[in-house]
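Engineer: fold the following for me, if possible:
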Amino acid sequence: MASAAISVGVVAAAFVLGRFARRIWHARTLTVLLLAFVTFRYFFWRLTGTLPPVDDPVNFIPGVTLFAAEAISFVLFLTSLFVIIDPIAREPSEPKGDPASWPSVDVFIPSYNEEPELLETTLAAAVCIDYPRDKLHVYLLDDGGTDQKLAHADPDLAAAAKVRRETLTALCERLQVTYMTRPRNEHAKAGNINHAFKKTDGDLVLILDADHVPTVGILKATVGFFQQDSGLFLVQTPHFFVNPDPVEYNLGTFERMPSENEMFYYSIQPGLDRWNGSFFCGSAALLRRAALEEVGGFSGDTVTEDCETALELHSRGWRSVYLPRPLIAGLQPETFDSFIAQRSRWTQGMIQLFLLKNPLFKRGLSVPQRLCYLSTMLYWFFWFWRPIFLLSPLCYALFGLEIYRINLPDFACFVIPHVFAAAFLSQFLHGRMRWPLFSELYEYLQSFHVSRAALATLIRPRDPVFKVTAKGQSVEEDGFSPLATPFILVTLLLMVGLAACAWRYSIYPEHRAAILPVAVWNSLSLLLALGGLAVVYERKRVRRQERFTVDRSAELTFADGTSIDVTAADVSAGGVRLLVDPRWRELLGRQEEPVLTIAATEAEAATTTGVRIYRVDMRNGVLSVGTGFAPRDRQDIVEAARFVFGNSVGWDDFLDRKRVGAPTFFGGLLFFATRVVPRLGHVLLALPGALRRILTFQAP
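Structural biologist: Numbers count the residues shown, from 1 in each chain. Sure thing, here's the model as predicted:
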């Protein structure tokens, strides 16, 4: 009883103290220490009172494996606490002085296989960046049209590369940006950027992925930091995504809760920034040329050239800044297999860094920086501990193994307080950015497939090669992903495990005190597995481009000079949906391309571009008119890109709407269940066919 009272008292005290974290000096730190004490206490109890004896190898080996998984996650827990204990909230820093004295900026947009339409949007937006024209130079770095590809032995591939080079050269000429390619495809993205780096001379370099469309203010918000600090090598900004990833799309959470990446960009990166440990994330970042020249350009020993480059520069005493303001809009992978391909590359790169350039032994880093990089790299070992945590209750449920010796009193005194402390600590530190079970779901969904890439990297750390993440792929019909097999099998196993717990509970009344904790554990694992099943049963994606709600006055002008007032209701990279008075229906049926003029606001300039009307229908007594951009010239292309992506105020508003009303722990569990359960009907109907394919080794 005394032990339970200690745990309950500490958690309660932390809960009360946490309410005053913003008003009482050091209340945040004291709250974290109290909750960490509960976890330390739990871990000491695990070490001293729950491991099977060494002379019982059948129980000892899986028991120690589980403990090792907990130990690694415990180290990550400690380093994470250090990282995010006191995050920095920075504001933009505009350039100072005469614009003639501002640093020049080269904008690098590396590309490999992206479609010209996607590149056109990014390039047009880059041209719109608000910065002195003589100080801004935009480059498309095309690795899909290299001399090596043009001379490919396969004539079809060589012809495709030639067409690509000609198409993109014409695009760049139309937009007045510089097309650049290179002789050979060497060292992937890092090699592509370094080739351009040696042929340019801007004081600063802005890196944008091919699908990362910048706002007009990206340089006005960041250049000032470099003027203030001559030792600064990096200003990193968040990656804001306009489309849902496979988890968000299939569970319908994209507009209901923060995305997975928001915890990293709005909680962890500001924490890293406190310790001068914020690192380059490959795009949406401004870097100082002089610093990069000191290390010979962008590093390329690993497939995560971004973090590797930051590690090298931090070790040489250079400093970094993180600005938590969305200044680009990008695309996430839309299919589960492309999502896994992306995360496999990230996993490989971080494990490579851990093995080849371990921050604990890297000369020049401060102790806080070592802990920051270590925490980042350790996270990418989740593929080891997450499946172990998920499947461990099956050891007892199916085989009667006692790998975690526990009874109900100990469960109440140590496990339950630890779970509550960990949940409260996560919510306390990450605020509205992390909701219960969703981080665990992402780790579970990646674990089985990412583990193969991770193990291969551990064996041969220099072998992985950079693979471009496919963007713009889509799901044409509902059905299980080609990668769904392990998730189906795990779900069935956990169902069998839960049934076995019920059987053991009825047959062995003397063991019920041990069976109940296992059954609770198995049930939570099953809930997580069902969530995974609901994700890998992918829904058809209807939209090719994501739309954003707007409310802007506008005007349509036809060839005969007739103009009508309209309202822009929503917009995508491809066009605008307009709301129009029904009396203009006949006029809208004309086979012509009118000119759309979007009225200016205090925050945004007016926009004029040609449009094509492709749909007119009645909605709630108002005509809804679907239009696609039909630019008449370069100016139209540039203005359309600026209208859709130019202002980050809309991105901030969208993110704030998703962060409202973060649930409690139990509320989060309920929300998770409400996202998963409605999907299970479709999943269960498709399950027999999937099982037949698995058992007969057929491809989906």
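
Engineer: show me where the stretch 451-600 of the chain has strands.
Structural biologist: 479-480, 537-538, 548-557, 563-571, 575-580, 595-598 (DSSP state E, counting those that start in this stretch).

Engineer: most packed of those strands?
Structural biologist: Across those, averaging neighbours per residue (mean count of other C-beta atoms under 10 Å) puts strand 537-538 on top, at a mean of 24. Just so you know, the C-beta spots here come from the backbone N, C-alpha and C atoms, and that holds for glycine as well.

Engineer: now for the helix or strand hosting Pro409, which elements pack on it?
Structural biologist: Using DSSP states H and E, Pro409 falls within helix 408-410. The contact analysis (3 or more C-beta pairs under 8 Å, 6 or more residues apart in numbering; DSSP states H and E) places helix 408-410 against helix 512-536.

Engineer: okay, buried residues for the helix it packs on please.
Structural biologist: 514-522, 524-536 (16 or more other C-beta atoms under 10 Å).

Engineer: equivalent analysis for stretch 174-188, please.
Structural biologist: For stretch 174-188, by 16+ other C-beta under 10 Å, it's Leu175, Val177, Thr178, Tyr179, Met180, Thr181, Arg182, Asn185, His187, Ala188.

Engineer: how about the nearest residue to the fourth one, chain neighbours excluded?
Structural biologist: Think Tyr179. Cys172 (3.9 Å; C-beta to C-beta, 6 or more residues apart in numbering).

Engineer: got the contact list for the one you found?
Structural biologist: Contact analysis of Cys172 by C-beta atoms under 8 Å, 6 or more residues apart in numbering lists Leu123, Leu140, Thr178, Tyr179.

Engineer: which one of these is nearest Val595?
Structural biologist: Minimum distance to Val595 across these is 22.8 Å, recorded for Leu123 (C-beta to C-beta).

Engineer: output the helix or strand where the closest one lies in CSV with nothing but the alpha carbons.
Structural biologist: Assessed by DSSP H and E, Leu123 sits inside helix 116-127. Taking Å, rounded to 0.1, in the frame of the first residue of the first chain, the C-alpha atoms of helix 116-127 are listed here in CSV:
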residue,chain,number,x,y,z
PRO,A,116,7.1,18.9,-65.3
GLU,A,117,3.7,20.1,-64.0
LEU,A,118,4.9,19.6,-60.4
LEU,A,119,8.2,21.3,-61.1
GLU,A,120,6.5,24.2,-62.8
THR,A,121,4.5,25.0,-59.7
THR,A,122,7.7,25.0,-57.5
LEU,A,123,9.8,27.0,-59.9
ALA,A,124,7.0,29.6,-60.5
ALA,A,125,6.7,30.0,-56.7
ALA,A,126,10.5,30.3,-56.3
VAL,A,127,10.5,33.1,-58.9
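
Engineer: buried sites along it?
Structural biologist: Buried, per 16+ other C-beta under 10 Å, within helix 116-127: Leu118, Leu119, Glu120, Thr121, Thr122, Leu123, Ala124, Ala125, Ala126, Val127.

Engineer: how about the helices of the stretch 1-150 of the chain, start to end?
Structural biologist: In the stretch 1-150 of the chain, the helices defined using DSSP state H, counting those that start in this stretch lie at 2-18, 27-49, 57-84, 116-127, 147-150.

Engineer: residue for residue, what is the longest strand this protein has?
Structural biologist: strand 607-619 (DSSP state E).

Engineer: partner strands of that strand, with direction?
Structural biologist: Its sheet considered, strand 607-619 pairs with strand 595-598 (antiparallel), strand 622-629 (antiparallel) by DSSP bridges.

Engineer: could you dump the ones you listed into CSV and include distance to Arg319 and mean pLDDT?
Structural biologist: Listed next are the strands paired with strand 607-619 as CSV, based on distance: least, C-beta to C-beta, whole Å; pLDDT from 0 to 100:
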stretch, distance to Arg319, mean pLDDT
strand 595-598, 41, 88
strand 622-629, 42, 86
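
Engineer: could I get the ones you listed as JSON lines with distance to Ala12?
Structural biologist: Listed next are these as JSON lines, based on distance: least, C-beta to C-beta, whole Å:
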{"stretch": "strand 595-598", "distance to Ala12": "55"}
{"stretch": "strand 622-629", "distance to Ala12": "54"}
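
Engineer: tabulate the strands of the stretch 451-600 of the chain (CSV), appending distance to Phe279.
Structural biologist: Converted to CSV, those look like this (distance: least, C-beta to C-beta, whole Å):
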stretch, distance to Phe279
strand 479-480, 37
strand 537-538, 32
strand 548-557, 30
strand 563-571, 33
strand 575-580, 37
strand 595-598, 38
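
Engineer: ok, Leu391 to Ala529 distance?
Structural biologist: Going from Leu391 to Ala529 by C-beta to C-beta, to the nearest Å gives 10 Å.

Engineer: Arg462 now?
Structural biologist: 35 Å.

Engineer: which residues does the closest residue to Glu262 other than its chain neighbours contact?
Structural biologist: Once flanking residues are discounted, Glu262 sits nearest to Met433: 5.2 Å by C-beta to C-beta, 6+ apart. Shown here is Met433, whose contacts under the criterion C-beta under 8 Å, 6+ apart are Pro258, Glu262, Met263, Tyr266, Ser267, Arg659.

Engineer: switch the cut-off to 10 Å
Structural biologist: Shown in contact with Met433 (C-beta atoms under 10 Å, 6 or more residues apart in numbering): 257-268, 426-427, 439, 658-659, 662.

Engineer: give me the pLDDT for Ala4.
Structural biologist: We have a pLDDT of 61 for Ala4.

Engineer: what do you get for Ile207?
Structural biologist: 98.

Engineer: next, it: phi, psi?
Structural biologist: Backbone torsions of Ile207, given as degrees, to the nearest 10, read phi -100, psi 130.

Engineer: how much space between it and Ala285?
Structural biologist: 5 Å.

Engineer: anything in contact with each of these two?
Structural biologist: If you check Ile207 and Ala285 against C-beta under 10 Å, 6+ apart, the residues they both contact are Gln236, Asp306.

Engineer: mind listing the strands for the stretch 301-450 of the chain?
Structural biologist: Secondary structure of the stretch 301-450 of the chain (DSSP E, counting those that start in this stretch): strands at 319-322, 328-330.

Engineer: hmm, back to that, of the buried residues of helix 116-127, closest to Gly330?
Structural biologist: Closest to Gly330, out of all of those and judged by C-beta to C-beta, is Thr122, at 9.3 Å.

Engineer: number of residues surrounding the closest residue to the closest one other than its chain neighbours?
Structural biologist: Spatially, and ignoring its direct neighbours in sequence, Thr122 is nearest to Val213 (5.1 Å; C-beta to C-beta, 6+ apart). By other C-beta atoms under 10 Å, the residues close to Val213 number 26.

Engineer: correct me, but Val213 touches Phe241?
Structural biologist: No - with contacts counted by C-beta atoms under 10 Å, Val213 stays clear of Phe241, the gap being 11.0 Å.

Engineer: who are the neighbours in contact with Tyr322?
Structural biologist: Counted by C-beta under 10 Å, 6+ apart, Tyr322 has contacts 87-88, 90, 234-238, 265, 268-274, 277-279, 281, 285.

Engineer: how about 8 Å then?
Structural biologist: Tyr322 sits next to Ile88, Arg90, Val235, Gln236, Thr237, Gln269, Pro270, Leu272, Asp273, Ser278 when contact means C-beta under 8 Å, 6+ apart.
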